[in-house]
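Chemist: this one's sequence-less:
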Ligand SMILES: Cc1cc2nc3c(=O)[nH]c(=O)nc-3n(C[C@H](O)[C@H](O)[C@H](O)COP(=O)(O)OP(=O)(O)OC[C@H]3O[C@@H](n4cnc5c(N)ncnc54)[C@H](O)[C@@H]3O)c2cc1C
């Protein structure tokens, strides 16, 4: 056996891809692993919308990274914001001026939302990627009903009870379904002045179909389910402006204080510092072994990578792809294979599913296409299975059973008193005017 020195492996990002790689390297006790993340937790993004819609609380879908990796003695966890990568000198720089050397680098920094060149829309239309985003959206949704109840002006009430979700992918569909359930089920009897059932929910998609990566039959089924829940689905029309008073869709202006952005994705700005070729979404174009061209020691995985399968089809930005890529690069590092001996990464598509509302989902697995209760049960089972930690699995299971039986959502707390909310709302509006 040739002597293999213990390499220093730096992983940026403890999402689905980075965590999978760290776990395998830890299990095999290979190298000295340094895992760096901006936050102290691993987040299960697929259930983020349930926090935003008050069905689950943050601790149900997130777990401390240190705790997850505590059993691996070769792994060092660091909370830090990586601001640049110096590939020529094999080191990375953190915001606090710390410099860390590496022999191998795994970049797994995920993606943020993109406003297609209209970044000023973000103030009015928050997106959903982090726990902070989910709590902001939850607070805005709940506050909106409170403000409608407290308002004497019909026009203001209408603005508070209109919700617009932009983007008809899985997140947009899930958010629209969840808000419809809050308004028409959870809070139906909770207000005295306003009629909560008059809440209007609009879901806007620029393409001709919702969930456009799914077969047309399933996409149509999701649309029908949403319509039955009272969601107004608008397809084939683009949002042209968003202001503090509402949204312009083509020539139609819809007054609202509630806009949620679920449209575009943009990879982390950190990737620019790699000085390598990026695609339109700012993702790094990687070789077949997920390494950077001419830099076999740097891997980019998950939502940060633009990778293609052997047929030239792009690998989708989904959690299973990120996890498979994390496992694949960890194995390459364990074997310390030179680039020319590395097999190409192969993505195994195990199917996809999207939730619409309780008892309503769509699912595609190979030739099998399902919708309704069966797909919803499959969706629930898979999500519980992939959550990290027994407590989270049990907690989420119990919350869902409670919601199924009573229609209630237990995480409906607004943490700040009203005066704080009014102050921050005014400050936000003043900042917009500046
Ligand atoms: C609302 C929502 C719903 C989704 N639903 C589904 C679904 O139902 N099914 C599915 O398969 N996929 C779903 N996805 C997509 C899936 O979550 C992503 O494909 C997956 O998280 C990508 O994994 P990743 O490891 O590339 O990045 P992420 O999981 O996003 O992790 C990136 C990590 O990097 C950290 N980071 C970023 N920049 C830095 C930096 N500069 N320094 C230090 N740390 C940094 C972040 O804090 C984060 O922890 C959903 C995504 C969202 C946002």
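Modeler: Structure's in. What do you need? Since the model is a prediction, treat every value here as computed from it, not as a measurement. Numbering: from 1, shown residues only.
Chemist: who does residue 75 bridge with?
Modeler: Note on residue 75: beta-bridge partners by DSSP bridges are residue 33.
Chemist: would you map the helices across the stretch 201-350 of the chain?
Modeler: 216-228, 319-335 (DSSP state H, counting those that start in this stretch).
Chemist: wait, isn't residue 382 in contact with residue 353?
Modeler: Yes. Counting by Cβ atoms under 8 Å, residue 382 touches residue 353, with 6.9 Å between them. C-beta here means a position set from N, CA and C on the backbone, and glycine is covered the same way.
Chemist: the more surrounded of these two?
Modeler: Between residue 382 and residue 353, residue 353 has the larger neighbour count (other Cβ atoms under 10 Å), namely 21 against 16.
Chemist: for the host helix or strand of that one, packing partners?
Modeler: According to DSSP states H and E, residue 353 maps onto strand 352-357. Where contact means 3 or more Cβ pairs under 8 Å, 6 or more residues apart in numbering; DSSP states H and E, strand 352-357 is packed against helix 170-181, helix 216-228, strand 360-365, helix 373-386.
Chemist: could you dump these to TSV with mean pLDDT and distance to the ligand?
Modeler: Shown next, in TSV, are the helices and strands packed on strand 352-357 (pLDDT from 0 to 100; distance: least, Cβ to the nearest ligand atom, whole Å):
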stretch	mean pLDDT	distance to the ligand
helix 170-181	96	4
helix 216-228	96	13
strand 360-365	95	10
helix 373-386	92	8
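Chemist: can you tell me the residue of the stretch 51-200 of the chain closest to the ligand?
Modeler: Proximity of the stretch 51-200 of the chain to the ligand (Cβ to the nearest ligand atom) peaks at residue 110, 2.3 Å away.
Chemist: that residue: neighbouring residues, count only.
Modeler: When neighbours are defined as other Cβ under 10 Å, residue 110 has 22 of them.
Chemist: contact residues of the stretch 51-200 of the chain facing the ligand?
Modeler: The stretch 51-200 of the chain comes close to the ligand at residues 81, 82, 108, 109, 110, 128, 129, 170, 171, as judged by Cβ under 6 Å from any ligand atom.
Chemist: still on that earlier bit, can you say which of the helices of the stretch 201-350 of the chain is packed in most?
Modeler: Scoring the helices of the stretch 201-350 of the chain by mean neighbour count under mean count of other Cβ atoms under 10 Å gives helix 319-335 as the most buried, with a mean of 22.
Chemist: how far does that helix sit from its chain's centre?
Modeler: Offset of helix 319-335 from its chain centre (Cα atoms, centre = their mean, to the nearest Å): 20 Å.
Chemist: let's test this: mean pLDDT of that helix, rounded?
Modeler: Mean pLDDT, helix 319-335: 97.
Chemist: between that helix and helix 373-386, how big is the angle?
Modeler: On the basis of axes from the mean of the first three to the mean of the last three Cα atoms, to 10 degrees, helix 319-335 is oriented at 30 degrees to helix 373-386.
Chemist: what residues does helix 319-335 touch?
Modeler: With contact meaning Cβ atoms under 8 Å, 6 or more residues apart in numbering, helix 319-335 is reached by 7, 9, 15-22, 24-25, 28, 30-31, 45-46, 104, 106, 108, 289-290, 299, 301-303, 305, 307, 315, 342, 345, 347-350, 386.
Chemist: and it, is it in reach of the ligand?
Modeler: Yes. Applying Cβ under 6 Å from any ligand atom, one finds helix 319-335 touching the ligand at 319, 320, 322.
Chemist: looking at the protein, which helix or strand is least sure?
Modeler: helix 418-433 (a mean of 69; mean pLDDT, DSSP states H and E).
Chemist: for the ligand, what are the nearby residues on the stretch 201-350 of the chain?
Modeler: By the rule Cβ under 6 Å from any ligand atom, the part of the stretch 201-350 of the chain lying against the ligand is 268, 270, 302, 303, 304, 317, 318, 319, 320, 322.
Chemist: show me what contacts the fourth one?
Modeler: By that I understand residue 303. So residue 303 contacts 15, 17, 110, 111, 265, 267, 283, 317, 322 (Cβ under 8 Å, 6+ apart).
Chemist: so where is the chain shaky, pLDDT-wise?
Modeler: Along the chain, segments meeting pLDDT under 70 span 1-5, 425, 428-434.
Chemist: residue for residue, what is the longest helix the protein has?
Modeler: Secondary structure assigned by DSSP state H gives helix 131-150 as the longest helix of the chain.
Chemist: that one: which residues count as buried?
Modeler: Within helix 131-150, the residues that qualify as buried are 131, 133-135, 137-145, 147-148, counting by 16 or more other Cβ atoms under 10 Å.
Chemist: just stretch 230-245 next, same as before
Modeler: For stretch 230-245, the neighbour count (16+ other Cβ under 10 Å) marks 230, 231, 233, 234, 235, 239, 242 as buried.
Chemist: if I look at residue 275, how far off is the ligand?
Modeler: Going from residue 275 to the ligand by Cβ to the nearest ligand atom, to the nearest Å gives 16 Å.
Chemist: what about the residue nearest to that residue when sequence neighbours are not counted, neighbour count?
Modeler: Of all residues beyond its chain neighbours, the one nearest residue 275 is residue 87 (7.3 Å), with distances taken as Cβ to Cβ, 6 or more residues apart in numbering. Using other Cβ under 10 Å, residue 87 has 18 neighbouring residues.
Chemist: now do residue 344
Modeler: 13.
Chemist: which residue is the nearest non-sequential neighbour of it?
Modeler: residue 288 (3.7 Å).
Chemist: please report phi then psi for residue 54.
Modeler: Per-residue torsions, residue 54: phi 70, psi 10 (degrees, to the nearest 10).
Chemist: list the contacts of it.
Modeler: Counting by Cβ under 8 Å, 6+ apart, residue 54 touches 138, 141, 142, 182, 186, 409, 410, 411, 412.
Chemist: ok, residue 100 next?
Modeler: 10, 34, 36, 91, 92, 94.
Chemist: which is the next helix or strand following whichever strand or helix holds it?
Modeler: For residue 100, the element it lies in under DSSP H and E is strand 99-101. Heading C-terminal from strand 99-101, the first helix or strand you meet, by DSSP H and E, is strand 104-107.
Chemist: how's the protein carved up into domains?
Modeler: Per the record, the chain has its domains at 8-113+265-341, 116-263, by automatic domain parsing.
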